[in-house]
Each structure stands twice: as structure tokens, then as C-alpha cells.
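Enquirer: mind folding the following:
(one chain, ligands or ions: 1)
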Amino acid sequence: MKNILVVGAGGQIGSELVPHLQKIYGNSNVVAADINTKCADVFKDGPFELLDALDAQKFADIVKKYKIDTIYNMVALLSATGEKNPQLAWKINMGALMNSLEIAREFNCAVFTPSSIGAFGPNSPKDNTPQDTIMRPTTIYGICKVTGEMLGDYYFQKYGVDTRSVRFPGIISNVTLPGGGTTDYAVEIYYGAIQQKHYVCPLPEGTYLDMMYMPDALDACVQLMEADPSKLKHRNSFNVTAMSFEPSQIYAAIKKRIPDFTMEYDVDPVKKAIADSWPNYMDDSCAREEWGWNPKWNLETMTDDMLKVIGEKYKAGLLK
Ligand code: VAH
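Expert: Numbering: from 1, shown residues only. Sure thing, here's the model as predicted:
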């Protein structure tokens, strides 16, 4: 059975990835690690370790203590936050990745590190963005992600480290609010619909972005890490997407279910510039062919589930 370490477990993906992995591999086989002390109260079903991913010695000690064979490195400052402090974003994003790769090399671990649609840039093809194409991102987040992809392939080719990665689109979830992402509007809009019946959208109408519901994202992580390595022509990093929409389309999907929901636009120029540099929709045929990627959720089914779960939390007084 695998022994897994999730670093950055307290983030938007990590907070759902840990229980998802525990259901598959067993609670004691999945160690959650995060710099935030509050996470100790969240991850009570299995081992939790306080870890600053930039502390290589502590990171390695945890890998040795639990005989880890698989590292999910989920540490990242996201796109909009990164633009406020590019130097810190580089330090954290690349420091955590380099420690993950070096420790994986030393202790023979496999490594999963998410990349992102943010790894593409304004001169990447916007529609049906190919798996292999020009990538000149114009955000520090994207530069971290494309550098991370190359480091992942380098550690595989030079040292044989089993590195694998997907280029996630915007991920929509109803557990942990995302922070500092350009695609966060697609999560916030559901809370606005339930709590205020109104939302002020920071991206303009017509801004298409790839998106995915969290259950599909969690399946993508596990499916790729469980894939037969002999079938993988790519490793870092696979395009994966489930849907592409622009703000007026998600607004319409919600309004069908909450007729008195209203939305206005107040465009955030930073988020607009970032979104405009990213694809409208990616070609994820390589992931489908090489490891059976096949998303289950679309805008309609996701909207039903998001409004149901957030509505129940609201009625129970659980929303801040
Ligand atoms: C962001 N949610 O907006 C992240 C993601 C595809 C975007 O990487 O920065």
C-alpha cells in the first residue's frame, strides 16, 4: 500500500485531496502537512505534520518518519496573489517544488505537482490549446508553473524520479474557499447567489476560461499517479479540462435555479490581464489517450451540486 505525503494540505485542492486519498489508501497511509497550525484541527482522521515546505530538513524527516513513497506537492501562491509579490511567489512555489524533487530523488518517491492553464501565455494558441505548444506566460505564477514542468521532466530524465503533473484549469469547490486566483470568481459567484442573491464579477463578459469541478480534479490526481508509466508519452504536464465558460454563462446557469439572482461587472484589471493571457479552452486528448482522463461534471450538474451544498451550509448558519 502507498504511503503518501500531501504538502500544502490546507489549500483549496489539498483540503479535499487528503480525505479523498484516505478513502482510497487508508487514513494512516496519507500524511497531511501544512504550515498553518489550524490545519491540525482539520486533519484529525490521519497523521498531520506542521511543515514549512521550504524547510528541507523537516520535509525529509517527515518522509523518513512515515516511509513516504509518494509526495503530492500542492504548495502555491496563486496567480493574482503572485502578482502582488512576485519574489515571494517564486521563493515559495519553486522552493517547495525543489525540496519535493530533491527529497523524492534521495528517498525514491514519486511526485505529483499541479501545473495550470496559467503556464500558457498570450502567444499560446487560445482555442483547443495543444498539449505541446509555445509557452511564454506573463505572470510569475505561470513562470513558476512552466519552470516546474521543465524541472519535473528534468528530474525524470536525469534521475529517474517518477514525476507526474496536470495543467489544472480553474477548480470549483464547495469546501475550502480559494484564495488569490483569477478563476476564483467561479466559486465566489455561488456564495454570492446564496448569501446576497447578487454578485459583482471581476472578469468581463466573454472571458472564457477552462474550468473543472473538484471531484473531477481529485480523480485526475489519482488516475494519473496510478497510470501505467509505460503508457505515458508525457509527464509534466498534461492538459486536463472539463468545461469552458465565461461569466454570463455561469450567471445564467445559476439564475435558472435562483431567478432573483443578479450580477454586475466591476472588472479587476489585474485579473482581466491574467485571464486574457490564458487559453479559452485546452485540448486534453493526450490525457484521455495516455491515462483515461474522462471528466464527469459539467456546468449544469456542478451548479446543481454547488447550490445544494452551499445552500445547506447557509441554512445551517455555517457560512461566515
Ligand atoms: C488561479 N485557480 O486562478 C488558480 C488556477 C487555473 C488557475 O491556477 O490562479
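Enquirer: can you pull the residues of the stretch 1-150 of the chain lying near the ligand?
Expert: The stretch 1-150 of the chain comes close to the ligand at residues Leu78, Ser79, Ser116, Ile117, Gly118, Tyr141, as judged by Cβ under 6 Å from any ligand atom. (Each C-beta comes from the backbone N, C-alpha and C, glycine too.)
Enquirer: for the residues you listed, work out which two are farthest apart.
Expert: Spatially, the most separated pair among these is Leu78 and Ile117, at 12.0 Å (Cβ to Cβ).
Enquirer: show me which of those two is the more surrounded one.
Expert: Just comparing Leu78 and Ile117: by other Cβ atoms under 10 Å the higher neighbour count belongs to Ile117, 30 against 23.
Enquirer: and the more buried one, how far from Ile254?
Expert: From Ile117 across to Ile254, the span is 23 Å (Cβ to Cβ, to the nearest Å).
Enquirer: cool, Leu51 as well?
Expert: 38 Å.
Enquirer: the helix or strand hosting Lys64: what's the following helix or strand?
Expert: According to DSSP states H and E, Lys64 maps onto helix 56-65. With elements assigned by DSSP H and E, the helix or strand that comes after helix 56-65 is strand 70-73.
Enquirer: how far is that next one from where the chain is centred?
Expert: 13 Å (Cα atoms, centre = their mean, to the nearest Å).
Enquirer: which residues are in contact with Asn239?
Expert: Going by Cβ atoms under 8 Å, 6 or more residues apart in numbering, Asn239 touches Thr129, Pro130, Gln131, Val166, Arg167, Met282, Asp283, Asp284, Cys286, Ala287.
Enquirer: quick one: secondary structure of the third one?
Expert: Assigned state for Gln131: coil (three-state reduction, DSSP: H, G, I helix; E, B strand; the rest coil).
Enquirer: please apply the same query to the fifth one.
Expert: Applying three-state DSSP to Arg167 yields a three-state assignment of strand.
Enquirer: can you pull the phi/psi pair for Asn239?
Expert: Backbone torsions for Asn239, taken as degrees, to the nearest 10, come to phi -60, psi 130.
Enquirer: ugh, wrong one, Phe48
Expert: The phi/psi pair for Phe48 (degrees, to the nearest 10) is phi -130, psi 140.
Enquirer: wait, doesn't Gly82 sit right on Ala89?
Expert: Yes - the pair Gly82 and Ala89 passes the contact test of Cβ atoms under 8 Å, sitting 3.6 Å apart.
Enquirer: quickly list what's touching both of the two.
Expert: Contacts common to Gly82 and Ala89, judged by Cβ under 8 Å, 6+ apart, are Ile140, Tyr141, Cys144.
Enquirer: what's the closest of those residues to the ligand?
Expert: Closest approach between the shared contacts of Gly82 and Ala89 and the ligand, by Cβ to the nearest ligand atom: Tyr141, at 5.8 Å.
Enquirer: give me the neighbour count for the residue of the stretch 101-250 of the chain found nearest the ligand.
Expert: Going by Cβ to the nearest ligand atom, the ligand is nearest to Gly181 of the stretch 101-250 of the chain, at 2.8 Å. Residues near Gly181, counting by other Cβ under 10 Å, number 24.
Enquirer: again, but for Val31
Expert: That count, for Val31 with other Cβ under 10 Å as the rule, works out to 25.
Enquirer: is it bridged to anything, and to what?
Expert: Leu5 (DSSP bridges).
Enquirer: which residues touch it?
Expert: With Cβ under 8 Å, 6+ apart, Val31 has these contacts: Asn3, Ile4, Leu5, Val6, Gly46, Pro47, Phe48, Glu49, Ile62, Tyr66, Ile68.
Enquirer: could you pull out the helices in the stretch 101-250 of the chain for me?
Expert: Taking DSSP state H, counting those that start in this stretch, the helices of the stretch 101-250 of the chain run over residues 140-159, 185-195, 214-226, 247-257.
Enquirer: turn those into CSV, columns for mean pLDDT and mean neighbour count.
Expert: CSV is the format used below for these (pLDDT from 0 to 100; neighbours: other Cβ atoms under 10 Å):
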stretch, mean pLDDT, mean neighbour count
helix 140-159, 98, 20
helix 185-195, 97, 21
helix 214-226, 98, 20
helix 247-257, 98, 18
